[in-house]
Each structure stands twice: as structure tokens, then as C-alpha cells.
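*Asks:* how does the following fold in three dimensions:
(one chain, ligands or ions: 1)
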Amino acid sequence: MDALRALCLCGKDDASDGNSSDGDGAVVTTESAAPPHPVVEVDCRDFDDGTRNFRLERRSVVWYCETLAREVADAAVDCACDEAARDRLEARMDMRGEMAAAGIEDLPTSFGASKRPRTARKKKKQKAPQKKPRKKHGWAVGDACECFYEGDGLWYVGLVASFAGDDGVEVALVGSECVVVVPHYWLQKTTRYREPEPEPEEKPKQRLEDAPNPYAGLVDDKYWAQRFHYFSLYDCGVRLDAESWYSVTPEKVAASIARRVGGGRVVVDAFCGCGGNAIALASEGAWVVAVDVDARKLDMARHNAAIYGVADRIDFVAADAIGLLPTLKADAVFLSPPWGGPDYGDDFDVAAIRAGGVDGVGLLALALAAAPRVAYYLPRTTSAASIAAAAARAGAARGGIRVEAHYLNHRLKAKTAYVGWPADHAWPKNGKT
Ligand SMILES: C[S@@+](CC[C@H](N)C(=O)[O-])C[C@H]1O[C@@H](n2cnc3c(N)ncnc32)[C@H](O)[C@@H]1O
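*Replies:* Numbering: from 1, shown residues only. Got it, this is the predicted structure:
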């Protein structure tokens, strides 16, 4: 499907001028030159154990089992239909066993078959491990002992090496190459000579998630440790560049936003990066136009989308979003512009965003011109006041603005401002992950 073509067909709707609160949170009004836009703030809590997603692996195991089962079933059908084939097969298998026992398993088997009737075949009993033969005085070769040596009247630590007659026992002395012959009643049990067994090293099992950072020096360890938060299928070959390691939207958060932006719609992801949000939106059923000024990142996004099986729901456009947005019409625009690096500071102001020559407010205005609904992904330190002021200056309709604070495993990660949704919109329940 060509989402770009679909863009031309969809119009704007749902522009909201409803009330300010859906009962989910407190109404925050702000001081600004423009009339304040009411903002509803809600927490959106997600949990993620940060481990690999084994869906794909399970799928391949099932596939393998199915294949195996099919082969066995086919063989069974062949045999069931053809008595002679079954006999030949079984005879051949039998013969292989016999040949293996005789050490001639490599010889061809086509010259004959076992003549034994099938009923006569019995499973060979598994032989119990053979016990060391013991002499009647109770000693066996290999036993640990102390032996009295008449020569000097001392006791030596040794091993029973062999027997010399009924009573004479040959003892190899531990720590020397001497073998002495003593009567068995000069031996006594000992464990003294035993090498102390090495303490089993307490090696914690290395989980896939704990693998050392292969990009040390390029990618901060703290980002590497979170790779399965970013993409649960990370080790299926997900690609990220240096910037994306700290700017990608964690998968659970992206999924939460995607559920709110909604499937079945045409959504422009104006700053798609390596595809975190575009993949989530497409997975939710949206047709996505994924834009990024960096063609290399788009390639990664395309590759990553293929891993998630949603590449065919996304059009990848290498362009400056600022130039492109005025030419687009969509149901919603998702904005995830650069925040100026990982150190965006406390009390972030939307107006501080810079992208393609416009600031964060101008960007919101462009997005609102392209679609009636805009989801704006912002740093966690962005205040409701800053969002309200930006919405007012960008000319957003005076509807309720919903700001969701994304908590992942109880840590505040980011916020999303939803601008343009009708006041009575039924938002998915918070924390549904
Ligand atoms: C914060 S990252 C987006 C990350 C993305 N949401 C994800 O989860 O993978 C911002 C992206 O905006 C892109 N970008 C910066 N300026 C742009 C512009 N004027 N037009 C389009 N893309 C731009 C950067 O290349 C970068 O990939």
C-alpha cells in the first residue's frame, strides 16, 4: 500500500473544542501571552523486564517440530501401506544394530537382512555399569588405603594396584613410584590421599541480557543494558546508529503511544530515526509515512521494520520533515524531534526544540496543518505550562490537551502531549502493556 497516496485521500476531522478534563487527571492552566490551553496530565505506567522476546524463537521451534512430525508421519504412512517396505526397513535397522555391536557398522547393508521374525526381537537390556571385582577380603583395585610397611614400621598412603595371591596386595604408594606387596590385613581404609576437589566456581549463569557490550567506547553501557527495552527483538539483528542508541523510544512506550494514536489511520512519523515509533504504529495497524532527514537511519528503520514484519505498512521517505509536512495530509502526525542530545536539562521548554530551521512551536503548527491530531514526544522535564503555551502559540484548537508521563518500570522516561483529540475520546486504559 502506498501510504503517501492515501494521505491525499484523508481529510481532517475530530478537531476538538471540548472540555478540559476526562477525569483521568488534574486540569492545569498556565500563564502565557496566548489564552491558556487546558492540559490534562496523566501517568502512563509500563513495565518491561528488559529481556529478549522469544516469540520468533518459539516460532522456529514449532516449525522444526512440525517438520519432524511430518517426516515421521510420512514414514509411518509409507510403512503402513507397504508391508514389505516396513519389513525391509526394520530388518535393516536391526542389522545396523548388530553390525555396530560387531564393530562393522560401516559395511553396506544391502547384501542381506536379518532373518529373525519380528516377534523374536527383544530390546537389549541396558548393561548396568560393571562393579570392580573385589577379593574376598574386601579390597578392590583402585581402593584408597593406608598400608603398613614392615620395612620401616610406618604407614603409607597408597592405592591398591593389584593382588598377589590370595592374601598379598600390591599397593602403589601415593607420591612415589614404589609398589609394595603387603598382606591385606596391613591395609586400612583411608581417604587421606585424595586430591581436594576444586570448589565449584560460583559462576552466575550469563543471561543473554548480560552479554558484554561489544560497542564499548561507542555506545554507553547504560544504553547497551537497555537494548531489549528499546527493541525486544534486538538480537534478531536490529540496527541502531550512535544517535539512535540514546534517542530511540523504548518499545513499550512506543506501543503505548501507538495504541493511543490508533490503528487503521494514516500517521506521519516525521522524525522516524531507526524506527522505534514507526514500527509500533504499524504494528498497531496504522499506515505509516516514516520521514527522516538521514537516509542511513531510514535504511536501519526499514531493516528493523522487516524484523518486526511490518515493513510493508510503512513508506520510508528521506526528507526534511519541515519541508515535507506542508505537502502532507494525514489522520495524525507523530513528532519525535531531536531534543538536543541526552542532556536536555531540567524544565525543558518546547520552544527550545530545533528542527530544520523551526523551533518546537513552529513544528507543532506545521504538524497541526497536516493533521488534526498531533502526538508530540517530549523530554520528561517538559512542564505542562510549556506544552500549553506551545499549543496556544501554534494555533491549536482550544480542546483539551492530554499529557501522558511515560513511566517504564517506575522511572519517568518521557512525556507525550496529545493535541487535537476530541474531549470525549475514550483513551485506552493507562498501564495496559
Ligand atoms: C529522536 S530521533 C527519533 C527517534 C525515533 N522516534 C525512534 O524511536 O527511533 C530524531 C530523528 O530526527 C531526525 N531529524 C532531525 N532533523 C530532521 C528533519 N529536519 N527532518 C526529518 N528528520 C529529522 C534525526 O535524523 C533523528 O533520526
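*Asks:* show the subsequent helix or strand relative to the one helix or strand in the chain whose mean pLDDT sits lowest.
*Replies:* When each helix and strand of the chain is scored by mean pLDDT, DSSP states H and E, strand 26-28 comes last, with a mean of 36. Going down the chain from strand 26-28, the next helix or strand is strand 39-46, by DSSP states H and E.
*Asks:* all strands for the stretch 151-300 of the chain, in order.
*Replies:* Using DSSP state E, counting those that start in this stretch, the strands of the stretch 151-300 of the chain run over 154-164, 168-173, 179-183, 187-189, 266-269, 287-292.
*Asks:* check the average confidence over the second one, would you?
*Replies:* Think strand 168-173. Averaged over strand 168-173, pLDDT sits at 87.
*Asks:* what angle separates it from strand 179-183?
*Replies:* Strand 168-173 runs at 140 degrees relative to strand 179-183, counting by axes from the mean of the first three to the mean of the last three CA atoms, to 10 degrees.
*Asks:* just the pLDDT for Gly285.
*Replies:* On the pLDDT scale, Gly285 is placed at 94.
*Asks:* can you tell me, leaving aside adjacent residues, what's nearest to it?
*Replies:* Gly263 (2.5 Å; CB to CB, 6 or more residues apart in numbering). (C-beta placed from N, C-alpha, C; glycine too.)
*Asks:* and that neighbour, what does it touch?
*Replies:* 284-286 (CB atoms under 8 Å, 6 or more residues apart in numbering).
*Asks:* okay if I get these as CSV plus neighbour count and distance to the ligand?
*Replies:* As requested, the contacts of Gly263 are arranged in CSV below (neighbours: other CB atoms under 10 Å; distance: CB to the nearest ligand atom, whole Å):
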residue, neighbour count, distance to the ligand
Glu284, 22, 14
Gly285, 13, 18
Ala286, 28, 14
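*Asks:* which of those fall within helices?
*Replies:* Among the contacts of Gly263, no member is found in helices (DSSP state H).
*Asks:* near the ligand, which residues of the stretch 251-400 of the chain?
*Replies:* Within the stretch 251-400 of the chain, the positions adjacent to the ligand are 271-277, 291-294, 297, 320-322, 336-338, 355-356 by CB under 6 Å from any ligand atom.
*Asks:* any quick PyMOL command for the buried ones out of those?
*Replies:* Paste this into PyMOL to select the buried members of those, with burial taken from 16 or more other CB atoms under 10 Å:
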select buried, resi 271+272+273+274+275+276+277+291+292+293+294+297+321+322+336+337+355+356
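*Asks:* now, which of the residues of the stretch 251-400 of the chain next to the ligand lie within helices?
*Replies:* Per DSSP H, the subset of those in helices is 276-277, 297, 321-322.
*Asks:* list just the nearest of those residues to the ligand.
*Replies:* Nearest to the ligand, judged by CB to the nearest ligand atom, of those is Gly276 at 2.5 Å.
*Asks:* could you measure from the residue nearest to Gly285 over to the ligand?
*Replies:* When distance is defined by CB to the nearest ligand atom, to the nearest Å, Gly263 is 18 Å away from the ligand.
*Asks:* equivalent analysis for Tyr223, please.
*Replies:* In terms of CB to the nearest ligand atom, Tyr223 sits 13 Å off from the ligand.
*Asks:* can you tell me the closest non-neighbouring residue to that residue?
*Replies:* Using CB to CB, 6+ apart, the nearest residue to Tyr223 is Trp245, at 4.5 Å.
*Asks:* where does the stretch 301-433 of the chain get nearest to the ligand, residue-wise?
*Replies:* For the stretch 301-433 of the chain, CB to the nearest ligand atom, closest residue to the ligand: Gly356, 3.1 Å.
*Asks:* just checking, that residue touches Leu324?
*Replies:* No. Contact between Gly356 and Leu324 fails when scored by CB atoms under 8 Å: they sit 9.3 Å apart.
*Asks:* quick one: contacts for Leu363?
*Replies:* 322, 335, 337, 353, 355.
*Asks:* wasn't it part of a strand?
*Replies:* No. Per DSSP: H, G, I helix; E, B strand; the rest coil, Leu363 lies outside any strand segment and is helix.
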